[in-house]
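Participant: model this:
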Amino acid sequence: MAVETLYRSSRDLERLFMDKAEADAYDKMLELAEHLTAVFHKAVPSLKEEQAEELGIYVARHREVFAKAFGKKPEVLADLLDGKTAEEG
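Facilitator: This is a model prediction of the structure:
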């Protein structure tokens, strides 16, 4: 009988990971998404909560691309439009 160690996300209790680093990275992404959601909702109060949350998660998942764009390389955003970046699930 084999024994496996599983790690559970502390922010998404249904999500399990085989690697602690992956679980930690996922939790950090969700934490960033939570803060982004609040910022988006404050910036655009008419934005529905669900839309603000989806937007927050999207930006958090692609934070590296957005960081490059904010770092004077806005052309990298074309990769998101073309679907060239990997979608995390």
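Participant: can you pull out the helices in this structure?
Facilitator: 20-43, 49-61, 63-70, 77-82 (DSSP state H).
Participant: With respect to A2, which of those lies nearest?
Facilitator: Between A2 and those, the shortest gap by C-beta to C-beta is with helix 20-43, which sits at 18.6 Å. Glycine gets a C-beta too; all of them are placed from N, C-alpha and C.
Participant: quick one, what contacts the residue lying closest to V39 once chain neighbours are set aside?
Facilitator: If you skip the residues right next to it in sequence, V39 has G56 as its closest partner in space, 8.0 Å away by C-beta to C-beta, 6 or more residues apart in numbering. Neighbouring residues of G56 by C-beta atoms under 8 Å, 6 or more residues apart in numbering: 32-37, 39-40.
Participant: hmm, try it at 6 Å
Facilitator: G56 makes contact with 33, 36-37, according to C-beta atoms under 6 Å, 6 or more residues apart in numbering.
Participant: between those, which is nearest E4?
Facilitator: Using C-beta to C-beta, A33 comes nearest to E4 of the contacts of G56, at 28.1 Å.
Participant: where's the closest one relative to R15, distance?
Facilitator: Going from A33 to R15 by C-beta to C-beta, to the nearest Å gives 13 Å.
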